[in-house]
Structure formats: structure tokens, C-alpha cells
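# Quick one, what's the 3D model for this:
(one chain, ligands or ions: 1)
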Amino acid sequence: MTVTATHCPYCALQCAMSVVAAPQGPPTGPAAAAPEVAGREFPTNRGGLCRKGWTAAELLGHPERLTEPLLRSDDGELRPVSWDVALTRIAAEVRTAQDRYGKDAVGVFGGGGLTNEKAYLLGKFARVALGTSRIDYNGRFCMSSAAAAANRAFGLDRGLPFPVADLAGADTVLLLGSNVAETMPPFVQHLAGARDAGGLIVVDPRRSATAALTADGAGLHLQPAPHTDLILLLGLAHVVINGGHAARGYLTERTEGMEDLIRSVAPWWPERVQAATGVPAALLRETAARLAHSARTGSCYILTGRGIEQHADGTDTATAAINLALLLGLPGSARGGYGTLTGQGNGQGGREHGQKADQLPGYRKITDPAAREHLARVWGVPEASIPGPGLPAVELLASLGAPAAEGQTGGVRCLFVHGANIVVSAPDATAVRRGLQALDFLVVSDFFLSETALEADLVLPVLQWAEEEGTMTNLEGRVLRRRRAVSPPAGARSELWILNRLAALLDAPSAFPEDPREVFEELRAASAGGPADYSGITYERLDAGESLHWPCPQGPDGLPSAGTPRLFAERFAHADGRARLVAVRAAAPVRPSGRGELVLATGRVLEQYQSGTQTRRVASLSAAQPEGRLSLHPAAASGLGIADGDWVRVRRSGEAAAARASSAGPAVLVRAELSLSVRPDTVFLPFHFPGSAAANRVTEARTDPISGMPEFKTTHVIVERAPVQ
Ligand code: SF4
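Below is the predicted model of the structure:
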């Protein structure tokens, strides 16, 4: 048996694991025994794995694995074809769409689980081989508002600007909208110091598994009304300032914008915050006092997650969390910090290498003339040939199949989807499916027949985690090696191979290497000098066990740097070295109307991951969590005549009356689970499940104007008892 050191295929904690497998044979040879995984010692997981990690090897050799390209035939069925036929057909469809409708008629939708090499080459493929501006990725639904807030405040976005291991010394951790006990369980061990000190403070409208960790004196749980987290944060800032707790010296030396900030939080005194959020004024004061005491005398961290970020004002809410951290003097300090907990496996690297509509590799702005010149040199193309900014994900998806108005560019007519299952994961999923069906041609690359692949004209079977080489960047900005532990099925190909062949067929004016190491070498050059500089990182250094966090430039003396585990110790990334306190204002929260309306928040559960394409196919995970159930407070259920286990129909409230009249409109059909973990005015539904259980059938394509983040946490819905399904 061989033992290969690699990392988990799922979330951004990127727990280290070993894959134990039979020696790799020829690509057609089946493994003698099923591979297994074991946790490996590493700073983020300290040898631990969660249930998803423990069962990850079951994805390898899975009977539903795609092993040959599938083309939709005239009878509507997906049928196997050769790679030659598949690639030739794609090139022809691209040419037809672009000849008829222009370059932007072809779009690309990427994923936050792709390796750095794939994310980089996909961005280059879109801009250089296709010449389209229409590229974005599913990280838009995940990290975009926190990224926008960090860029605005610090001039740089790296999820955690410090190593996870630093949390061991914390006596206070404020965790806002993050349920790590279910989403990344090994992370909980990093909260042990704060729990032991009674300093774990969780803000979540739900009594989540993480909020429950605050029981028995381990900390505090603040349970604000839905979508009042921004007000809560403004209130905490108000108490810190008016209680004389602000770190005056730090603010004077290292920040700008204090006067505006003071004015912006003035309207939010504790009693007014209590009226808006339901959080008692005394608890608000106690929280602020504890944070301030810890920031002065101990070690204090503020961490955010999707709960406060996935809002149509997510950038402002994340900004308010950063403002609070700056008021306490935490970012860049040796006694604490601020960070956001990235979700997807390569959610960090995925947003650095050019998959985003507005960015070029190295985390550069696509509108920056110097960045464009740099990439033009690396790619060997004229600067003017690199398209400008495209459309953020929700707008890109809304454009699918749209005809061109007179004198204007129409929508995307031909779409590539890589590493994303948007029929399940995108907001207003019914409209997304309609958009996909309106396309002239849809190509989906995946290793399982996902719900999005089922809509495709052509499905390309690609490699999965333990079959490929590459790098990932975890939630700390640490670059990791993903290694090949087993042979892939004979008919599957790496996305790098696919992009290489397609680029040749499309006469691309630049080389598209298919070897991951070669791609990484090009990525290093492309990122050099940018905010996310990888130029000093090599496969050799990573394979030698070096711990390398970006920025890690190649020095002018030719010597690579040691990387940057901790950012902002001396200066922030704005030109003047100072952080920005950005005054933000809260709109009045929109309350449920009282006519049976409840507020739906979507989220994750322990045994499933993202759209469930992988975890729903792992028997023991599916057995433990076979379906999405609607968590409903017993008081709300009683008023609606709903008992535990009843089938319920969930509709957007504005559409419920019309839908009742016409029996039309998207609805979710699931069973109810009565639970005291949710407030009487809210319901919670996991988003991992497809079909009529897909939570995103009722979420809206309403987005944050700054980041493009959809509103996933406050959909007003009507819940009704439904006939037994
Ligand atoms: Fe994998 Fe994340 Fe679980 Fe670790 S916490 S085993 S990275 S899913």
C-alpha cells in the first residue's frame, strides 16, 4: 500500500490527511483495495477530521463516477462520445455563438473548490482563448462581501490575516454568524482557550451547535432578530466608544475615519439596539465590556462567517465587524485580530487567480492599467485584447439566453460550468434552471452527474481530489499541496488538459500548459508584484514541508521570502499604511408582516457539503442526513397546525397568495422539524438538497450593490402544511 500526504477535498480548513491506497497501476487498472484516509498532524486540524473528511475516500471509485464525455443526442438523452467529438463540438459551438452574438456571448462559471492551477488557467482561458469578459464563480455566493469589506478597510483581503494556531492564546473570541461546530468541527479545538476562560461569544439568531458551546459558563450567546446583526454591531461600537473602551492610541496611529464612525454609531444606544434586535441592553454592554477588557489585558479575536455576510448589505455588515475590531485595536496586533472564516476548499485561492469578473491573477483589479500591462506581458498578448470587467455571478446567470436588444450586447448563449452546481447553489434556482435551458449550448465539467450537469448539452468527466496534483490555499492564506494518491478512471481528464486542447482548437494566442507544475510556474509570474504574490512559492518548497502564506514574493536578490503568516503588523495595505474606519448605516429591519410570515435563513449541516453533489453520494453521510428538514419553533408550528415530521410547503411570502390561487410558483416541499434552536419568527433550511427540497427555489436574486453577494439569510416566507408526499 502507498501512503500519500494530501488534504481534504472539502472545506477551507483543508485538514491534512493521508490516503492509503494500493500502488497506482495503469490508468485502466482497478485498485486492489478501496483507498482509506487518516487524519494527519497539521496546524489547522491537529490530526482531526470531521465526518466528511473521514469518508472522503468513498468518492474515489464511486459507481456513479463519470468516466466518458456525454453529449445530448437528438432524442434528448446524454450519450457517450469520444473526447475528439466532444472537444470539436465545443469549439464549433463557441465559434458559432461568438460569430453571431460577439465574444461576450460565451460565459464561464467557475468554482471555489478548483485548485489554484485550474482557477488560474480558467481565468486565462476566458480572457485569452475566448476573449470574453463573462466569467465569475460560485465564491460570489460565499466570500464576496467579506472580501469587499476587507479590501475597503485594510486594502487587502486574506480571510484570516493570521495563522489559525494563534487562536490558542485567545481568552475571548467573538464569533459572528459562523457555525463551525458543524461546518468545520476540527476548528472548535482552537476555541478551547476562549471557552475555558468563559470568553466564547457567539452571535447567531439560531441556537446552533456552535452557540450551544457557550453553555455552562463557557461564554455568551446573543440571539438577534433576523437581519439585525448590522444594528447589533453598530450598538457594540457605540458602547465601546461611549464607554471609553476605544483603543485611542492605535486609532490615532493606524486608522482614518474616526469622526465619521462616531457619528454613524451615535443613534444606536443599547436600549434602542435592544428594541431593534431583541438582544438585552445589559447583554450588549456586557459583551462590549468583555471584548474591551480582553483587548486591553488578554487576547481577543473577532471572526465572521456567512451568517452576517450573506446579506444584500453584507459588505456593510462585515465592515461594521471590522470597525469594531479596529476600535478595539485588534487587526495587526500581537494581542488579537479580525478575520473571516472562508468556506469552500479553495475559496481563498479561488478568488485570487482571475476567476472573478473584476479581477486578474495576483488579486489585481482588472481595471488597473499596470495590472493589465503585467498580465499582457505574462500571457504574450496585447493589453487591449484583455477584456474589461464582466458581470458578477447573479447578473451573469440572469443574462443566460437573453436576446440582444437593438445596438446592445445580449446575454450569454454558450456557458462553461466548472466545479459548480448552480441549479442547487444559486439564488432563485428555478430561474437559473430556466436560464440554462434557454442557452444554445451548456458544457459542464464534473466528476458526478450533478443537477447542473443534467441540464447540459455536453458533460465532461474530470479528475477529483486524490487523482490530481496541484495546490490549494486555505483559510489562512497558506498554500498547500494536493497530491495524486490513486489513478483516475481511464476516460476522465483534468480540466487543465481540457483547457489546453480547447485553447489549441480555438487558436488561442498564448500557451495553455496542461501540467500542474508548469501552470503553477506561470501563476507565480502572473501574481508577482500583486497583492496575492505567489512568486516565491514553488512545489519544491511546499514538498519540503515549508509553511508558506502569501504574500510570498521572490526578492530582488533572487531569494524567496519566508511568506507572511501575519499581515498588518506594521502597516495596512492602503498606500498610506493606515486602515479605514468606514461609516456604515443600517436600514430599518423589515419585520415579518405577522400574517403568517416567517424569515427563512439557509445554511449547512454537519454531514453535507455545499450543493451535496459529493456528500449526498457518500452512504454513511446520506444515512445520517438524508434530507433537508425545515427547523420550525414549536410555537410557530402550533399556530400553523404543523406537527413534527409533517410535510410543509415553503413559498416566498409575496408569491404565496398568487401561487395558492394558481397552484403555480416555486415552492419548497420538505418535512418540518420542530426545534427550540430557532426563534419563533424564523425558520432554517439546509441548502444541500435538490429538486423540490432545494432551499434556493425560494431565495431571491437580490444582491449587495458593492460585492454582488446574494441575500441568503432573510427571505420572507409563508409556511403551510402540505399533503403527505
Ligand atoms: Fe474536511 Fe473541512 Fe471536515 Fe476538515 S473540517 S475534514 S477540511 S470538511
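# Kindly provide the distance from the nearest residue to Val486 once chain neighbours are set aside to Ser620.
Excluding its sequence neighbours, the residue lying closest to Val486 (C-beta to C-beta, 6 or more residues apart in numbering) is Ala21, at 5.0 Å. C-beta here means a position set from N, CA and C on the backbone, and glycine is covered the same way. Ala21 sits 19 Å away from Ser620, going by C-beta to C-beta, to the nearest Å.
# okay, those two: which has more neighbours?
Neighbour comparison, Ala21 and Ser620: the larger count goes to Ala21, with 24 against 11 (by other C-beta atoms under 10 Å).
# Show the pLDDT at the more buried one.
Note on Ala21: pLDDT of 92.
# Kindly report the same for Pro69.
The predicted local confidence for Pro69 is 98.
# before we move on, what about Arg660?
On pLDDT, Arg660 comes in at 52.
# Going along the chain, name the strands of the stretch 101-250 of the chain.
106-110, 135-137, 172-176, 200-203, 219-222 (DSSP state E, counting those that start in this stretch).
# ends of stretch 453-460, how far apart?
Distance across stretch 453-460, first residue to last, is 9 Å (C-alpha to C-alpha, to the nearest Å).
# mind checking how far that stretch is from the chain centre?
Averaging C-alpha positions (C-alpha atoms, centre = their mean, to the nearest Å) puts stretch 453-460 23 Å from its chain's average.
# Identify all contacting residues around it.
The contact list for stretch 453-460, computed with C-beta atoms under 8 Å, 6 or more residues apart in numbering, reads 66, 69-72, 78, 86, 89-90, 93, 417, 423, 433, 436-437, 439, 441-446, 449, 493, 498.
# Buried residues of it, list them for me.
453, 455-460 (16 or more other C-beta atoms under 10 Å).
# Among the contacts of stretch 453-460, the buried ones, what's the ChimeraX command?
Buried residues within those, by 16+ other C-beta under 10 Å, are selected in ChimeraX with:
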select :66,69,70,71,72,78,86,89,90,93,417,423,433,436,439,441,442,443,444,445,446,449,493,498
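# I'd like the list of the contacts of stretch 453-460 that fall within strands, please.
70-72, 78, 417, 441-446 (DSSP state E).
# what comes into contact with stretch 612-620?
Applying C-beta under 8 Å, 6+ apart, the contact partners of stretch 612-620 are 9-10, 51-52, 55, 58-59, 62, 64, 421, 424, 446, 448, 450-451, 607-609, 621-622, 688-690.
# Mind putting the buried residues of stretch 453-460 into a markdown table with pLDDT, secondary structure and distance to Leu261?
Putting the buried residues of stretch 453-460 into a markdown table (pLDDT from 0 to 100; DSSP: H, G, I helix; E, B strand; the rest coil; distance: C-beta to C-beta, whole Å) gives the following:
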| residue | pLDDT | secondary structure | distance to Leu261 |
| --- | --- | --- | --- |
| Ala453 | 98 | helix | 48 |
| Glu455 | 98 | helix | 47 |
| Ala456 | 98 | coil | 49 |
| Asp457 | 98 | coil | 52 |
| Leu458 | 98 | strand | 52 |
| Val459 | 98 | strand | 51 |
| Leu460 | 98 | strand | 50 |
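# among the strands of the stretch 101-250 of the chain, which is nearest the ligand?
Proximity to the ligand (C-beta to the nearest ligand atom) singles out strand 172-176 among the strands of the stretch 101-250 of the chain, at 15.7 Å.
# For stretch 557-577, what is the distance to the chain centroid?
In terms of C-alpha atoms, centre = their mean, the centre of stretch 557-577 is found 25 Å from the chain centre.
# what do you get for stretch 125-135?
Averaging C-alpha positions (C-alpha atoms, centre = their mean) puts stretch 125-135 22 Å from its chain's average.
# One more: stretch 648-656?
27 Å.
# Quick check: which of the strands of the stretch 101-250 of the chain is buried the most?
Neighbour counts (mean count of other C-beta atoms under 10 Å) averaged over each of the strands of the stretch 101-250 of the chain peak at strand 135-137, with a mean of 29.
# which other helices and strands contact that strand?
For strand 135-137, the elements it packs on are strand 106-110, helix 116-124, helix 393-398, judged by 3 or more C-beta pairs under 8 Å, 6 or more residues apart in numbering; DSSP states H and E.
# In TSV: the ones you listed, plus mean pLDDT and distance to the ligand.
Formatted as TSV, the helices and strands packed on strand 135-137 follow (pLDDT from 0 to 100; distance: least, C-beta to the nearest ligand atom, whole Å):
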stretch	mean pLDDT	distance to the ligand
strand 106-110	98	20
helix 116-124	98	17
helix 393-398	96	23
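# For those, state which one has the densest average packing.
Neighbour counts (mean count of other C-beta under 10 Å) averaged over each of the helices and strands packed on strand 135-137 peak at helix 116-124, with a mean of 29.
# what does that helix contact?
Helix 116-124 is contacted from outside by 108, 110, 114, 135, 137, 346, 349-350, 352-355, 360-361, 379, 418-419, 470-473, 479, 494-496, 499, 510, 512-513, 516, 519-520, 522-523, 526, 534, using C-beta under 8 Å, 6+ apart.
# For it, what is the distance to the chain centroid?
Distance of helix 116-124 from its chain centroid, counting by C-alpha atoms, centre = their mean, is 17 Å.
# That one relative to strand 441-446, how many degrees between them?
Angle, helix 116-124 to strand 441-446, by axes from the mean of the first three to the mean of the last three C-alpha atoms, to 10 degrees: 170 degrees.
# how about the closest residue to the ligand within the stretch 601-725 of the chain, what does it touch?
In the stretch 601-725 of the chain, the residue found nearest to the ligand is Tyr609; the distance is 6.5 Å by C-beta to the nearest ligand atom. Neighbouring residues of Tyr609 by C-beta under 8 Å, 6+ apart: 10-11, 52, 615, 688.
# What strand or helix carries it?
Under the criterion DSSP states H and E, no helix or strand holds Tyr609.
# how about the nearest residue to whichever residue of the stretch 51-200 of the chain sits closest to the ligand, chain neighbours excluded?
Nearest residue of the stretch 51-200 of the chain to the ligand (C-beta to the nearest ligand atom) works out as Gly53 at 2.4 Å. The shortest distance from Gly53 to any non-neighbouring residue, by C-beta to C-beta, 6+ apart, is to Cys8 (4.4 Å).
# Also Leu330?
Leaving aside its chain neighbours, Leu330 sits nearest to Gly336 (4.2 Å; criterion: C-beta to C-beta, 6+ apart).
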